[in-house]
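Novice: can you look at this prediction? I've put the sequence above it.
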Amino acid sequence: MMKQQTLAMAADQGFERHRKPTRRDAFLETMNRVVPWDALCAVVEPHYPKKGNGRPPIGLERMLRIHCLQHWFNLADLACEEALYDSASLRRFAGIDLGSEPVPDATTLLKFRRLLEQHKLAERLFAEVGRVLQGSGMTLKTGTIVDATIIAAPSSTKNADRQRDPEMHQTRKGKQWYFGMKLHIGVDSQSGLAHSAVVTPANIHDKHPLPDLLHGQERRVYGDSAYTSQKGLIRGKAPKAKDFTNERVRKAGQVDEAKRSKNRSKSKIRARVEHVFGVVKRLWGFSKVRYRGLAKNAGRAFTALALANIYLARHRLMAPGRP
């Protein structure tokens, strides 16, 4: 991606004598180093347009970098185009030199996302990141933490169809009703990295995707009280696994203090799953859906989880001695 600098790029980098590196600059520099660009490009490359008689396609790595920027900074297509024009740090990360070329427009970003959706490449990118991390020594251990979180969707019917998204549903949590979808994940209990994920409407109970969240070699399975009494589902996928999910502590108005104490001990490990959700929902801004339908939002979810794994493992990936 290296190229000769033009006057515009030199102005961005050299004429600002008193510029101070920002946290955004530091973040982008870190992600530039730890994201396995070659491996991710290899996943998309067989499906990416080739040079022909028409306008040559934009470089694949550049489009992938811009796609990551959209997830990291929660940018829609047009907002991302404008942010690239506005921010020199984003342009440097994407390798865009305004002295010789424009920023890819919003339609180009849309077409790239649809390419990933059409070939279900987000799931493959998530799997490839997992393979790379395992190759770096972060292998799956003997425990999995399972959990689910609600991703909200607009409940208003003030749209062209006069109806809510038919693939989203409502569910009750406590005394509050929510409308949207659920993101179910399985997280390694030692590394804290997600190794599996399932997207469902919000009204699907947490226990139903449980077998799809286990890799089969577990010795322990952790989860909150939504997964209580699911030993059969666990044993069907991971025969050697012991059920370490939280138990319900209240019965007939009485609290079992022994069970409550055990739950607290289990929750010290189970809390690691919240780190993944914290990155996806708080840092990446994926607390609300952006598109209609489960498939499009599932693509965003798998990409966000892949980037969250890289972010959570960034210090280990940058440690001396790592390949």
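Specialist: Yep, that arrived. Numbers count the residues shown, from 1 in each chain.
Novice: report pLDDT for Thr6.
Specialist: Model confidence at Thr6, given as pLDDT, is 56.
Novice: same check on Arg162?
Specialist: pLDDT recorded at Arg162 is 84.
Novice: kindly report the same for Arg250.
Specialist: pLDDT at Arg250 comes out at 77.
Novice: how about it, phi and psi?
Specialist: phi -110, psi 130 (degrees, to the nearest 10).
Novice: OK, contacts around it?
Specialist: Residues in contact with Arg250 (Cβ atoms under 8 Å, 6 or more residues apart in numbering) are Asp256. Where C-beta positions appear, they are placed from N, C-alpha and C, glycine not excepted.
Novice: is it in a bridge, and if so with what?
Specialist: Bridge pairing for Arg250 (DSSP bridges) gives the partners Val255.
Novice: what's the distance between it and Lys259?
Specialist: Going from Arg250 to Lys259 by Cβ to Cβ, to the nearest Å gives 9 Å.
Novice: so where is the chain shaky, pLDDT-wise?
Specialist: By pLDDT under 70, the weakly predicted segments of the chain are 1-16, 53, 252, 321-323.
Novice: how about the strands in it?
Specialist: For the chain, strands defined by DSSP state E occupy the ranges 143-152, 169-173, 176-188, 194-201, 220-223, 242-245, 250-251, 254-255.
Novice: buried deepest among the ones you listed, which one?
Specialist: Greatest average neighbour count among these goes to strand 220-223 (a mean of 24), per mean count of other Cβ atoms under 10 Å.
Novice: name the residues that touch that one?
Specialist: With contacts defined as Cβ under 8 Å, 6+ apart, strand 220-223 is touched by 142-147, 189, 206, 210, 214, 227, 234, 238, 241-246, 266, 269-270.
Novice: with just CA atoms, put that strand into PDB.
Specialist: This file holds the C-alpha atoms of strand 220-223, laid out as PDB (Å, rounded to 0.1, in the frame of the first residue of the first chain):
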ATOM      1  CA  ARG A 220     -16.700 -26.700  32.000                       C
ATOM      2  CA  VAL A 221     -19.600 -24.600  30.700                       C
ATOM      3  CA  TYR A 222     -20.400 -21.300  32.400                       C
ATOM      4  CA  GLY A 223     -23.500 -19.200  32.000                       C
END
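Novice: what are the pairing partners of it, and which direction each?
Specialist: For strand 220-223, pairing defined by DSSP bridges yields strand 143-152 (parallel), strand 242-245 (parallel).
Novice: relative to Tyr311, which of those strands is closest?
Specialist: strand 143-152 (17.3 Å; Cβ to Cβ).
Novice: ok so, going back, JSON lines for the strands of the chain, including distance to Pro56?
Specialist: What follows is the strands of the chain, written out as JSON lines (distance: least, Cβ to Cβ, whole Å):
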{"stretch": "strand 143-152", "distance to Pro56": "37"}
{"stretch": "strand 169-173", "distance to Pro56": "44"}
{"stretch": "strand 176-188", "distance to Pro56": "37"}
{"stretch": "strand 194-201", "distance to Pro56": "35"}
{"stretch": "strand 220-223", "distance to Pro56": "50"}
{"stretch": "strand 242-245", "distance to Pro56": "54"}
{"stretch": "strand 250-251", "distance to Pro56": "65"}
{"stretch": "strand 254-255", "distance to Pro56": "68"}
